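Engineer: Have a look at this prediction, sequence included:
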Amino acid sequence: MEKLRRLANKLTTAADRKAFLDYLVDLAVEMTGAERGLIVMGPADRLVVESARNVDQESLRGREARLSLTIAKHAIEQQTTLLIDDAGKQDIFSSSESVFELGLKSVLCTPVRTETEAAGALYVDTRFIPGAFGQEDAAILETLSEFLSLYLWKTRMEADLAAVSAKGRAAEDLVKELRDQIDETNRIAAMARRMSAPKKGEKTAPFAPMIGESAAMERVYTIIEKVLDNDITVLIRGESGTGKELVAKAIHTYGRRKDQPFVAINCSSIPATLIESELFGHMKGSFTGATRDKKGLFEVADTGTLFLDEVGDMPLEMQGKLLRALQYGEIQRIGNVQTKRVDVRVVAATNRNLEEMVSAGTFREDLFYRLNIVAVEVPPLRRRKEDIPLLVQHFMEENRKQGITTVKGITPQALLLLTRYPWPGNVRELETSIKSSCLFAEKPMLDVDDFQAQERGDTIRVDATDPSTFEGKTLEEIEKEVILATLKKNAGNKKKTAMELGIDRRTLYNKLAAYGMKSFQDSRHP
């Protein structure tokens with residue numbers, strides 16, 4: 001389900017047609033266990049291969065990209081999914097020259113439909129295993145075909161809109177209609193993400209245990225995905241408490257070094273006199289107290305990942321030695337004349353402005369550029385408030401698992417209170433707040449009073465509906481109550497409602513559409 005959810009996200013954001021088609025084919029190959037996958041487009045008598053990929057996610061060309069046109073044409077003409085256990089032994093296809101030449105065994109092919117006709121086919125096969133695909137694989141391929149159909153329809157609408165705009169027609173109504181259709185496509189994709197989202201209690205982010213579905217977090221996930229399987233140095237930037245170490249762990253856990261050590265050091269917590277020994281190690285007798293040889297963290301992390309947290313606090317004299325280790329992959333223990341090569345991926349993090357430190361001469365410019373090859377900006381919680389309900393649910397569930405509380409949920413008033421608070425301590429502060437409130441809560445639902453007891457002077461009281469009880473309701477249902485209550489309070493003003501809730505208007509529109517509401521009048525009768 002997570003793969004389909006991420007595909008739905010790419011549907012709304014993908015700008016490159018080839019990249020989207022390749023991603024979809026890779027997904028089809030992975031989810032069905034096929035050897036190859038292809039997308040062919042056009043009428044049945046003039047099919048063109050637009051994407052051909054193998055199990056290693058490599059593009060195929062020439063003879064490697066050949067497929068059985070007979071099978072693809074049959075699927076398109078009959079507009080039906082073909083599940084073939086052994087193509088060479090099936091009468092209707094056994095005489096096909098392509099089936100014979102390719103030595104095909106198992107084939108699965110489904111048409112890609114537009115509004116009125118089949119526009120092509122999504123095709124996977126294997127040359128070695130008969131009966132490799134089943135009905136579940138057919139259902140997966142049909143689902144992916146629906147995503148492709150939706151993508152084709154969306155891009156065609158976008159092309160029509162661009163053509164109308166380029167010609168400079170005075171056709172505002174037509175342009176608006178096309179834009180509305182594109183928005184509707186994006187709404188459908190958003191609904192697909194919701195339908196394929198994990199159920200209550202499961203992780204909602206692609207890189208667990210990271211939590212969040214906001215646009216700001218999606219950008220973080222996109223960068224993580226791009227840097228997973230290479231050794232490029234990554235600099236994670238963000239305020240304290242935003243979860244920078246979780247990002248570092250995700251890069252390690254989901255990357256190719258996942259089975260190797262992950263070693264972390266907080267550069268601000270180690271005295272300047274000891275940090276060189278901690279990173280590079282020392283020899284016995286090299287200084288007072290060095291009673292034995294000691295490996296440094298670079299050696300401990302060999303073949304794995306070394307996470308340098310708060311690297312901006314590293315003493316200036318140590319920065320040159322770190323730079324050499326990064327440039328040459330060599331370290332030298334204190335008291336040793338020999339160097340040692342290590343294979344370590346370095347991920348660093350900081351909450352400081354390194355550019356200002358470079359200008360002030362407190363951080364080496366060459367080290368900054370060596371670390372800042374790829375930067376990941378982890379957003380503060382105030383810029384991803386739509387993730388607060390998910391985080392609250394996650395922390396409450398963790399507290400229940402630890403036996404800290406029996407609290408079952410949170411009232412809409414309290415949830416809205418949390419979304420209005422600026423959270424200077426970010427996710428870490430929210431986690432502490434939920435734990436403290438759960439520990440002292442006397443009712444089955446966390447309420448406003450549970451949070452005001454923490455004496456936040458800048459907390460804002462807000463009015464919301466006062467239903468008799470919300471016990472047994474999910475956070476999604478409570479979120480709906482909060483949104484509708486705020487919309488009602490603002491007399492249907494969506495702009496003001498979105499501002500009060502700390503979300504953008506598009507997010508509000510999508511949520512109202514998901515509730516089946518297009519106007520304020522609808523919200524009065526949910």
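Structural biologist: Happy to help now that I have it.
Engineer: residue ranges for the helices of the stretch 401-526 of the chain, please.
Structural biologist: 412-420, 426-440, 448-452, 475-489, 494-501, 505-514, 520-523 (DSSP state H, counting those that start in this stretch).
Engineer: quick one, which of these is nearest to residue 232?
Structural biologist: Among these, helix 426-440 comes nearest to residue 232, with 26.0 Å by CB to CB. Heads up, the C-betas are built off the backbone N, CA and C, glycines and all.
Engineer: now the angle from the closest one to helix 412-420?
Structural biologist: Going by axes from the mean of the first three to the mean of the last three CA atoms, to 10 degrees, helix 426-440 is angled at 150 degrees with respect to helix 412-420.
Engineer: Which neighbouring elements make contact with helix 426-440?
Structural biologist: Counting contacts by 3 or more CB pairs under 8 Å, 6 or more residues apart in numbering; DSSP states H and E, helix 426-440 is packed against helix 388-401, strand 445-446, helix 448-452.
Engineer: wait, which of the ones you listed is closest to residue 274?
Structural biologist: So among the helices and strands packed on helix 426-440, helix 388-401 is nearest, using CB to CB, at 34.3 Å.
Engineer: And that closest one, what's buried?
Structural biologist: By 16 or more other CB atoms under 10 Å, the buried positions in helix 388-401 come out as 388, 389, 390, 391, 392, 393, 394, 395, 396, 398, 399.
Engineer: Looking at the residues you listed, which is nearest residue 327?
Structural biologist: Relative to residue 327, the closest of the buried residues of helix 388-401 is residue 391; by CB to CB it sits at 39.4 Å.
Engineer: got the contact list for that closest one?
Structural biologist: By CB atoms under 8 Å, 6 or more residues apart in numbering, residue 391 lies in contact with 211, 212, 427, 430, 431.
Engineer: Throw those residues into a markdown table and include pLDDT, distance to residue 332 and neighbour count, thanks.
Structural biologist: Shown next, in a markdown table, are the contacts of residue 391 (pLDDT from 0 to 100; distance: CB to CB, whole Å; neighbours: other CB atoms under 10 Å):
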| residue | pLDDT | distance to residue 332 | neighbour count |
| --- | --- | --- | --- |
| 211 | 91 | 41 | 20 |
| 212 | 91 | 42 | 23 |
| 427 | 95 | 39 | 24 |
| 430 | 94 | 43 | 20 |
| 431 | 94 | 40 | 19 |
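Engineer: coming back round to it: please identify which of the helices and strands packed on helix 426-440 is closest to residue 47.
Structural biologist: Among the helices and strands packed on helix 426-440, the nearest to residue 47 by CB to CB is helix 388-401 (44.0 Å).
Engineer: Report the mean per-residue pLDDT for the closest one.
Structural biologist: Average pLDDT, helix 388-401: 92.
Engineer: Just grab the bridge partners of residue 307 for me.
Structural biologist: residue 264, residue 347 (DSSP bridges).
Engineer: For it, grab the count of nearby residues.
Structural biologist: For residue 307, the count of nearby residues is 26 (other CB atoms under 10 Å).
Engineer: Now do it, the pLDDT please.
Structural biologist: So, for residue 307, pLDDT stands at 97.
Engineer: thinking again about what came up before, which among the buried residues of helix 388-401 gets closest to residue 102?
Structural biologist: Among the buried residues of helix 388-401, and counting by CB to CB, the member closest to residue 102 is residue 390, at 47.3 Å.
Engineer: Would you confirm that the closest one contacts residue 211?
Structural biologist: Yes: between residue 390 and residue 211 there is a contact under CB atoms under 8 Å: 5.4 Å.
Engineer: what's residue 493 sitting at in phi/psi?
Structural biologist: phi -80, psi 100 (degrees, to the nearest 10).
Engineer: mind checking how far it is from residue 487?
Structural biologist: Computed as CB to CB, to the nearest Å, the residue 493 to residue 487 distance reads 8 Å.
Engineer: higher neighbour count, these two?
Structural biologist: Set side by side, residue 493 and residue 487 show more neighbours around residue 487, with 23 against 14, by other CB under 10 Å.
Engineer: now residue 132, nearest residue through space, not along the chain?
Structural biologist: Closest residue to residue 132 apart from its sequence neighbours, by CB to CB, 6 or more residues apart in numbering: residue 106 at 3.8 Å.
Engineer: what residues are up against that neighbour?
Structural biologist: Counting by CB under 8 Å, 6+ apart, residue 106 touches 34, 84, 85, 86, 87, 125, 126, 129, 130, 131, 132, 133.
Engineer: State the distance from it to residue 90.
Structural biologist: 11 Å.
Engineer: Need the residues touching each of these two.
Structural biologist: In contact with both residue 106 and residue 90: residue 84, using CB under 8 Å, 6+ apart.
Engineer: still on that earlier bit, which members of the contacts of residue 391 define the maximum pairwise distance?
Structural biologist: Of all pairs drawn from the contacts of residue 391, the one with the longest distance (CB to CB) is 212 and 431, at 13.5 Å.
Engineer: Tell me what the residue nearest to residue 132 is bridged to.
Structural biologist: Assigned bridge partners for residue 106, using DSSP bridges, are residue 126.
Engineer: next one: the one 5 residues further on
Structural biologist: Using DSSP bridges, the bridge partners assigned to residue 111 are residue 121.
Engineer: what pLDDT does it get?
Structural biologist: 91.
Engineer: Surely it touches residue 73?
Structural biologist: No: with contact defined as CB under 8 Å, residue 111 does not reach residue 73; the gap is 10.3 Å.
Engineer: For the two, indicate the residue with more neighbours.
Structural biologist: residue 111 (24 against 17).
Engineer: how about the more buried one, what does it touch?
Structural biologist: Contacts of residue 111 by CB under 8 Å, 6+ apart are 75, 76, 79, 80, 81, 118, 120, 121, 145.
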